[in-house]
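Student: Sequence plus predicted model, see below.
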Amino acid sequence: MPADATPSHSNDALQQSLWWAYAGLLLTIALLLSVAELQHYLASGGRHFWEPFLWEFSSVLMIGPLGIAIYRWHLRVLHHASLSARVGLHLLGALAYVAVHVGGMFTLRWAIYALSPVVYEPGSVLQILAYETGKDLVSYGTFVGFCHGLHLYLDAQRRQHELARLRAELAEAQLNRLAEQIQPHFLFNTLNLISSVMCEDVPRADRILCQLADLLRQALAAQQAGWHSLAQELQLVEPFLAIMQARFGPRLQVRIEASDAARQCRLPALLLISPVENAIKHDVAASSASVEVAVRAWVEGRVLHLAVENSGAAPQRTEREGALGLANLRARVLGHFGPGAMVALRAGAAGGSVLSLALPMEQDA
């Protein structure tokens with residue numbers, strides 16, 4: 001059974017990736033702007049190569065947290081239905097961005113210049129605002145556009161995760177319903193078999209009922225577990241076959257062949273009970289001769305192969321449309337393992353029928 005990543009883990013990984021991408025983008029922009037400004041600075045006769053890096057990195061260092069603030073502000077603005085309200089709020093946001101960006105950027109510059117012998121004269125406050133405001137308004141608008149795109153992307157991811165979760169819950173509910181259908185079906189047919197013994201041999205029927213009660217307790221525990229190894233599944237099949245042998249006596253011969261690798265493979269609980277029960281119901285019960293029911297399991301490559309065979313002389317069973325047992329078995333197998341799995345019913349080479357299953361291999365750790 002493949003392990004699916006939970007939506008919370010996927011969201012955490014996505015958020016971490018976005019943080020790293022944002023930090024990398026800011027660093028790249030700061031370096032590119034610094035190199036471009038350095039060329040202009042040196043061509044103008046500048047003598048301190050670190051100044052262009054200070055100017056650009058101080059600007060980007062302030063833009064980093066302000067970009068996050070703009071994203072959160074944009075999400076709040078989106079709650080307002082009125083377009084005029086959104087525009088007005090973004091105008092306020094743009095003014096705040098200009099004030100914080102310019103103030104913080106020049107505070108950092110003046111603090112570093114104060115530690116050096118170089119004189120920094122960027123001009124008056126009005127000159128600074130006149131030069132920086134236009135660029136910052138464009139930057140703010142660009143940030144809002146990116147933020148809205150990111151919001152749409154994350155919203156689509158959340159919707160996709162929610163849809164995947166709902167689909168998984170629906171699939172699990174459908175598989176549980178199929179398992180619940182199989183359990184009464186098996187119980188009903190078993191009790192029918194026991195009822196015929198009751199009139200012939202009461203102590204024998206009592207022993208079978210005790211065996212059935214023990215089997216049902218194990219089956220209930222297995223169904224609650226959901227998945228277990230083939231070895232554990234055979235621990236349910238074997239007592240069931242013992243009950244049927246008590247019912248049919250020498251008319252029923254049993255053979256179980258499973259490789260060690262196959263016994264370690266995992267599969268849905270109670271997957272084999274219905275096929276074995278159907279083999280007995282349709283072949284042993286319909287034949288007066290001795291019939292052998294065999295359960296075989298082996299591994300080829302990464303595929304677990306299962307076969308429920310019988311040597312009965314009863315008419316060949318076909319995949320009748322609407323047959324509950326086979327239809328539910330196929331639905332469970334495909335629901336758990338996907339289209340890579342296979343369920344097929346065919347005639348045996350020497351008579352009887354063979355039910356074959358091919359499942360992607362799962363093993364206990």
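Tutor: It's in. Numbering: from 1, shown residues only.
Student: if I pick V291, what's in contact with it?
Tutor: Each residue near V291 by Cβ atoms under 8 Å, 6 or more residues apart in numbering is listed here: R251, L252, Q253, D283, V284, N310, S311, G312, G352. (Glycine included, C-beta is placed from N, CA and C.)
Student: Just the buried positions in the one helix or strand the third one maps to, please.
Tutor: Take DSSP states H and E as the rule and Q253 turns out to sit in strand 252-258. Residues of strand 252-258 classed as buried: L252, Q253, V254, A258 (neighbour count, 16 or more other Cβ atoms under 10 Å).
Student: helices or strands next to the very next helix or strand once past it in the packing?
Tutor: Of the helices and strands lying after strand 252-258 in sequence (DSSP H and E), the nearest is helix 260-264. Judged by 3 or more Cβ pairs under 8 Å, 6 or more residues apart in numbering; DSSP states H and E, the packing partners of helix 260-264 are helix 230-248, strand 291-300.
Student: so where is the stretch 1-150 of the chain shaky, pLDDT-wise?
Tutor: Counting by pLDDT under 70, the stretch 1-150 of the chain has low-confidence residues at 1-11.
Student: Can you give me the buried ones in stretch 82-91?
Tutor: Residues of stretch 82-91 classed as buried: L89, H90 (neighbour count, 16+ other Cβ under 10 Å).
Student: cool, stretch 29-48 as well?
Tutor: By neighbour count on 16+ other Cβ under 10 Å, the buried set for stretch 29-48 is A30, L33, S34, E37, L38, Y41.
Student: what's the answer for stretch 159-167, then?
Tutor: For stretch 159-167, the neighbour count (16+ other Cβ under 10 Å) marks H161 as buried.
Student: any idea of the mean pLDDT in it?
Tutor: For stretch 159-167, mean pLDDT is 79.
Student: Same question for stretch 217-235.
Tutor: Rounded mean pLDDT across stretch 217-235 is 82.
Student: Next, work out how far apart the closest residue to V343 other than its chain neighbours and V291 are.
Tutor: Residue nearest to V343 in three dimensions, not counting chain neighbours: R330, with 4.4 Å by Cβ to Cβ, 6 or more residues apart in numbering. Distance, R330 to V291, by Cβ to Cβ, to the nearest Å: 24 Å.
Student: Check C147 too.
Tutor: According to Cβ to Cβ, C147 stands 72 Å off from V291.
Student: coming back round to it: let's have the helices and strands packed on helix 260-264 in a markdown table, adding distance to W55.
Tutor: Below are these laid out as a markdown table (distance: least, Cβ to Cβ, whole Å):
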| stretch | distance to W55 |
| --- | --- |
| helix 230-248 | 70 |
| strand 291-300 | 67 |
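Student: between the ones you listed, which gets the lowest average pLDDT?
Tutor: Among those, helix 230-248 scores lowest, with a mean of 85.
Student: Give me the residues contacting it.
Tutor: Identification of contacts with helix 230-248 by Cβ under 8 Å, 6+ apart yields 190, 193-194, 196-197, 204, 207-208, 211-212, 214-215, 218-219, 222, 252, 254, 256, 258, 262-267, 269-273, 276-277, 280, 284-285, 293, 295, 297, 304, 306.
Student: If we use 6 Å, what do you get?
Tutor: Outside of helix 230-248, the residues within contact range by Cβ atoms under 6 Å, 6 or more residues apart in numbering are 193, 208, 211, 215, 218-219, 252, 254, 262-263, 265, 272, 276, 280, 284, 297.
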